[in-house]
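**Student:** Attaching a predicted model along with its sequence, questions to come.
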Amino acid sequence: MVMQHMAHNTASVAPGQAFIAPPGDSGGQFIYIHVPFCEQKCAYCDFFTVRDDANGARRASEWMKLIAREMELWTDAGDLSRETPIQTIFFGGGTPSLANAAAVEKLLDFARSHYNLALGAEITMEMQPNTADGDKVRALAKAGVNRFSIGAQTFREESLRRAGRRHTVEQTKTLFREASRAGTASLDLIACWPDQTMEAWRADLDEALALGPDHISVYELTFHAGTEFHRQLKSGRIESLDEELRLAMFEETDRVLCAAGFEHYEISNYARPGARSRHNENYWTLGNFVGLGAGAHSFIFPHRYTNAASIASYEKFIGRGELFRRPCDAADPEIFAVENLQMALRLAEGVDLDWFAERFGMDIRQRRPRQMENLQREGLLKLQGARASLTSAGVARFDSVIEFLL
Ligand code: SF4
C-alpha cells in the first residue's frame, strides 16, 4: 500500500539524454497493479482508494479484466514487450486481496499466455487480514502469487479500532500463518501511533517476530492532510509523538530486527537473507516499471507517468481502447535528478554517483559540493569512491538530507 506512492517521483526529460540501464538491469519488466477499492478508509491513509463496502470484492475482481486490456495497450504503445521476461508483478492498493482468486488466476494466466512471465517471477499481493482465509491464500498461490504482504499495522487491538481497520489481531496472525505456508510472507507495521509508548512498540515488534516473517516493512505514522488522523491532530484530540521518542523507536527497531537476523536494506524495509522485495528494489535502483490501474504511476526512462486519477475516467479510456498516461515530469532537470537521487539513496547500498551522473545528466558532487561536504561532516552521508550512501543517522533524518540536497 505504500511503495507505489514512494515511487511517485516527478521527473523531466533532460535533452539529449542517452539511455543508460540501471545497475544490474537484466532487461526484465516490472509491473505494478493498483486495485483502488477498500472496505473502509483507514484514519491515516491518503492513498488513492474508493471506499466500497458492499461491492468492493466484485469491483476488485472485475478490475482484473481492465488490467489485462491495459497491458495490451501498453504493448501497442511499445512499452510492454511480449518477449522480455516479466520479473515481478505487484498487486497493491487499495485492497487487492478483495479480488477473488479466480479473477487473479485469469489475469496471471493471461500474462503467461500473452507475455513472457519469467519462471520464478516474484508475484506479490498486499493482503488485508480480514479479506482472505487459508483457502483463498492457497488458491492465490496456485494461481501464481508467491509473496504475501500482510497489512498487520499493529498488534494492539485498540489502535486497529482507532484507525478504522476492519480486522482483528487474531485475523492477522491466522492469515499470516496461512500465507507463510504458501509462500514468502511479509508484515507491514506502523510505528509512532499517537499514544504509543516504547514498551508498546517493543511489544508490536515481539509479536511480529514471533510469527517468523521473512520480511518486515516499518512505516512511521504520518498525519497527511485530508485524513481522519490529521483532523484529530488539528482539533487536539490526538497528539503526535515527540521527535526524540520517534527517533528512539526507530533505533530500537533497527536494534531488535537486526539482532533477529534481518538486514535493514532500505529505509523502511528489513529482510532475512534472500527475502528482499525484488519489485521494490527495482524502484530504488531506478529501473523502469509499468503501473496499471487508476491511480498507478509508471517510470519509463526518462519519463514518469500518472495513470487516470479517477475510476470513471480510467474505465472510459480503457473501454475506448485508449491508454491513459500523462507525463508528470518536474520542469526543472535539477529537481528531476535530485528526486531520483532521493529514491536511490533509500537503499542501504546507496548509489553510484558516476552511473547516476551519466543516466540523469547531473553530477551531484559538482552541483551541490558544499551540501555534500556538510552532509558528510555531519555524519549523515558517506562516500566510498563514487558510491554515496546514508549512514544510520542519515537514514533516521532522511527527509532533512533530501531537503538539504534540494
Ligand atoms: S486498507 Fe490500505 S489502502 Fe485501504 S484505506 Fe486502509 S490503509 Fe488505505
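**Tutor:** Thanks, I have the structure now.
**Student:** what mean pLDDT does the host helix or strand of residue 119 have?
**Tutor:** Under the criterion of DSSP states H and E, residue 119 resides in strand 117-127. For strand 117-127, the mean pLDDT works out to 97.
**Student:** Ok, stretch 169-187 next?
**Tutor:** Averaging pLDDT residue by residue across stretch 169-187 gives 98.
**Student:** Show residues contacting that stretch.
**Tutor:** The set of residues that contact stretch 169-187 without belonging to it, under C-beta atoms under 8 Å, 6 or more residues apart in numbering, is 127, 129-130, 132-134, 137-138, 140-141, 145-150, 152, 155-157, 160, 207-208, 211-217, 275, 277. C-beta coordinates here come from the backbone N, C-alpha and C atoms, glycine included.
**Student:** List only buried entries from those residues.
**Tutor:** A residue is treated as buried here by neighbour count (16 or more other C-beta atoms under 10 Å); on that basis the buried members of the contacts of stretch 169-187 are 127, 129-130, 132, 137-138, 140-141, 145-150, 152, 155-156, 160, 207-208, 211, 213-217, 275, 277.
**Student:** Any idea how many residues pack against the residue nearest to residue 99 when sequence neighbours are not counted?
**Tutor:** Nearest non-adjacent residue to residue 99, counting by C-beta to C-beta, 6 or more residues apart in numbering: residue 60, 4.0 Å away. Taking other C-beta atoms under 10 Å as the neighbour definition, residue 60 ends up with a count of 26.
**Student:** wait, doesn't residue 60 sit right on residue 107?
**Tutor:** No. Taking contacts as C-beta atoms under 8 Å, residue 60 lies outside contact range of residue 107: 11.4 Å.
**Student:** what does stretch 129-137 rub up against?
**Tutor:** The contact list for stretch 129-137 (C-beta under 8 Å, 6+ apart) reads 39, 57, 95, 97-98, 100-101, 127, 140, 148, 150-152, 166-168, 171-172, 174-176, 178-179, 182.
**Student:** Now the top helix by length along the chain: average pLDDT?
**Tutor:** Of all the segments of type helix in the chain, defined by DSSP state H, the longest one is helix 56-76. Regarding helix 56-76, the rounded mean pLDDT is 97.
**Student:** quick one: buried residues of that helix?
**Tutor:** Neighbour-count burial for helix 56-76, counted by 16+ other C-beta under 10 Å, picks out 56-57, 59-61, 63-64, 66-68, 70-75.
**Student:** Which of those residues sits closest to the ligand?
**Tutor:** Within those, distances to the ligand taken as C-beta to the nearest ligand atom reach their minimum at residue 56, with 9.6 Å.
**Student:** how close does that closest one sit to residue 100?
**Tutor:** Shown here: residue 56 relative to residue 100, a distance of 11 Å by C-beta to C-beta, to the nearest Å.
**Student:** where does residue 223 fall, helix, sheet strand or coil?
**Tutor:** In the three-state summary, residue 223 is assigned as coil, counting by DSSP: H, G, I helix; E, B strand; the rest coil.
**Student:** I figured it was touching residue 233, is that so?
**Tutor:** Yes. Using C-beta under 8 Å as the test, residue 223 is close enough to residue 233 to be in contact (4.9 Å).
**Student:** which of those two has more neighbours?
**Tutor:** Counting neighbours by other C-beta under 10 Å for residue 223 and for residue 233 shows that residue 223 has the greater number, 18 against 15.
**Student:** Provide a list of residues in contact with that one.
**Tutor:** For residue 223, the contacting residues are 44, 229, 230, 233, 240, taking C-beta under 8 Å, 6+ apart as the criterion.
**Student:** Spit out the residues that contact residue 223 and residue 233 alike.
**Tutor:** Going by C-beta under 8 Å, 6+ apart, residues that sit against residue 223 and also against residue 233 are residue 240.
**Student:** and stretch 38-54, which residues are buried?
**Tutor:** 38-40, 42-50, 52.
**Student:** again, but for stretch 322-330
**Tutor:** Neighbour-count burial for stretch 322-330, with 16+ other C-beta under 10 Å as criterion, is recorded at 323, 324, 325, 328, 329, 330.
**Student:** what's the distance between it and the middle of its chain?
**Tutor:** For stretch 322-330, the gap between its own C-alpha mean and the chain's C-alpha mean amounts to 20 Å (C-alpha atoms, centre = their mean, to the nearest Å).
**Student:** re earlier: which one among the contacts of residue 223 gets closest to residue 269?
**Tutor:** Out of the contacts of residue 223, the one with the shortest distance to residue 269 is residue 44. That distance is 18.8 Å, counting by C-beta to C-beta.
**Student:** correct me, but the closest one touches residue 226?
**Tutor:** No. Under the criterion of C-beta under 8 Å, residue 44 makes no contact with residue 226, lying 10.9 Å away.
**Student:** thought residue 283 was touching residue 289?
**Tutor:** Yes. In this structure, residue 283 sits in contact with residue 289. The criterion is C-beta under 8 Å, and the distance is 6.8 Å.
**Student:** For these two, indicate the residue with more neighbours.
**Tutor:** For residue 283 against residue 289, the residue with the higher neighbour count under other C-beta under 10 Å is residue 283, and the figures read 25 against 20.
**Student:** Residues contacting the host helix or strand of the more buried one, please?
**Tutor:** Secondary-structure element containing residue 283, defined by DSSP H and E: helix 278-284. Residues external to helix 278-284 that are found in contact with it (C-beta under 8 Å, 6+ apart): 3, 6-7, 22, 30, 32, 87-90, 122, 124, 266, 269, 289, 299, 343-344, 346-347.
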